[in-house]
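Engineer: generate a structure from the sequence data that follows.
(chains A and B)
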Amino acid sequence: MKMIRAILRPETAEGIAEALADAGFVSMTQVHVFGRGKQKGITVGTIRYEELPKTMILMVVEDKNVDDVIDLIKDRAYTGNFGDGKIFVSPVETAYTVRTGAKGL
Amino acid sequence: MKEIIAIIRPRKVGPTRNALEQLGFPSMTATAVTGRGLQRGIAGEVNMDCPPELLATNKPGGMKYVPKRLLSIVVQNSDVETVVKTIIEVNQTAQIGDGKIFVCPLDNAVRVRTDERGESAVL
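Structural biologist: The predicted structure is shown next:
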């Protein structure tokens, strides 16, 4: 299992969530976060914004589905400008469902 | 070291915290998150009459994302079983939406105050 953390533009997040649900990846967690990348935020006129609002989508999927999910997110999140976001993939050893106590997704 | 990421009901944070504290795991991080599971949020769970003009708009309504708390707890390898078992025991309500627990490997930890590294930095 892998955990996919995608940090995206807030306005694209809703569409991505719907696209993922249509593709069968319904379960996810959304967190509203603030961050910046290599460009150190953004300058509008004379004002510098050090941190920009982003939405982080956090989901755990089976190994074989990782590429599908990444492709889907990439496709929907792309605008070609700085700030489209990043996707991180990290290992997960075990998952439990609290209601049943069963292992696995 | 392992990181235990538990996504649970907001109302269960207190009991979970107390239960873990009793066992000697007082440290944790909690974040307010929203999420959904296989049921796609809450739809049609509330029983009430809908005005016909609202039904005519053909928007299903319901709650797309359910508010949850994400707990992140870092423990030694040997304590993973105990903590997971406790979280499951405290959070079971037999209703859909009790949450998920993920156990992830962790490479290193640093205690900022003393610059300790690795296992000794965790509790």
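Engineer: chain B: strands as residue ranges?
Structural biologist: B:2-8, B:29-36, B:66-75, B:100-105, B:110-111, B:116-117 (DSSP state E).
Engineer: ranking the ones you listed by mean neighbour count, which comes first?
Structural biologist: Here the criterion is mean neighbour count by mean count of other C-beta atoms under 10 Å in any protein chain shown, and of the strands of chain B the winner is strand B:2-8, at a mean of 22. Where you see a C-beta, it was placed from the backbone N, CA and C, and this is true even at glycine.
Engineer: could you check the angle strand B:100-105 makes with that one?
Structural biologist: Here strand B:2-8 points in a direction 170 degrees away from that of strand B:100-105 (axes from the mean of the first three to the mean of the last three C-alpha atoms, to 10 degrees).
Engineer: strand B:2-8 pairs with which strands?
Structural biologist: Take DSSP bridges as the rule and strand B:2-8 pairs in its sheet with strand B:66-75 (antiparallel), strand B:100-105 (antiparallel).
Engineer: how about these in a markdown table, adding mean pLDDT and distance to B:T82?
Structural biologist: Formatted as a markdown table, the strands paired with strand B:2-8 follow (pLDDT from 0 to 100; distance: least, C-beta to C-beta, whole Å):
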| stretch | mean pLDDT | distance to B:T82 |
| --- | --- | --- |
| strand B:66-75 | 94 | 8 |
| strand B:100-105 | 94 | 12 |
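Engineer: closest to A:I42 out of those strands?
Structural biologist: strand B:66-75 (28.0 Å; C-beta to C-beta).
Engineer: how about the residues of chain B near chain A?
Structural biologist: By the criterion of C-beta under 8 Å from any C-beta of the partner chain, the positions of chain B lying close to chain A are B:2, B:5-8, B:31, B:33-38, B:40, B:65, B:68, B:70, B:84, B:87-88, B:91-105.
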